[in-house]
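A.B. asks: I would like the atomic coordinates for the input below:
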Amino acid sequence: MTRCQLKHFVLLQFLIFDTQMIVGGQKRRYQLSPEEHIFGALQLYLDIVYIFLIVLSLVGGGRRS
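C.D. replies: Model prediction:
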């Protein structure tokens, strides 16, 4: 497993964790309150941007012209 694939896997775990924090529920240990919806949206947005950057580095192969 290359370093980029490992980063991608870790960032996907962050995305899953942040989504579960937003969804919440009765038996969830960590959850956001309804007043923190902007913070939750920002967390998801940053997770998706980081995953996109890692995918770009995987596809591009790190080559520079």
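
A.B. asks: Would you mark the buried spots in the lowest-mean-pLDDT helix or strand in the chain?
C.D. replies: Least confident helix or strand, the chain: helix 3-23 with a mean of 80, by mean pLDDT, DSSP states H and E. By neighbour count on 16 or more other CB atoms under 10 Å, the buried set for helix 3-23 is Cys4, Lys7, His8, Leu11, Leu15, Asp18, Met21. Bear in mind the C-beta positions are built from the backbone N, C-alpha and C, glycine included.

A.B. asks: Which other helices and strands does it contact?
C.D. replies: Secondary-structure packing of helix 3-23 (3 or more CB pairs under 8 Å, 6 or more residues apart in numbering; DSSP states H and E): helix 37-60.

A.B. asks: how far is the helix it packs on from where the chain is centred?
C.D. replies: 6 Å (CA atoms, centre = their mean, to the nearest Å).

A.B. asks: got the angle between that helix and helix 3-23?
C.D. replies: If you take axes from the mean of the first three to the mean of the last three CA atoms, to 10 degrees, helix 37-60 sits at 160 degrees to helix 3-23.

A.B. asks: contacting residues around helix 37-60?
C.D. replies: Helix 37-60 is touched from outside by 4-5, 7-8, 11-12, 14-15, 18-19, 21-22, 32, with contacts defined as CB atoms under 8 Å, 6 or more residues apart in numbering.
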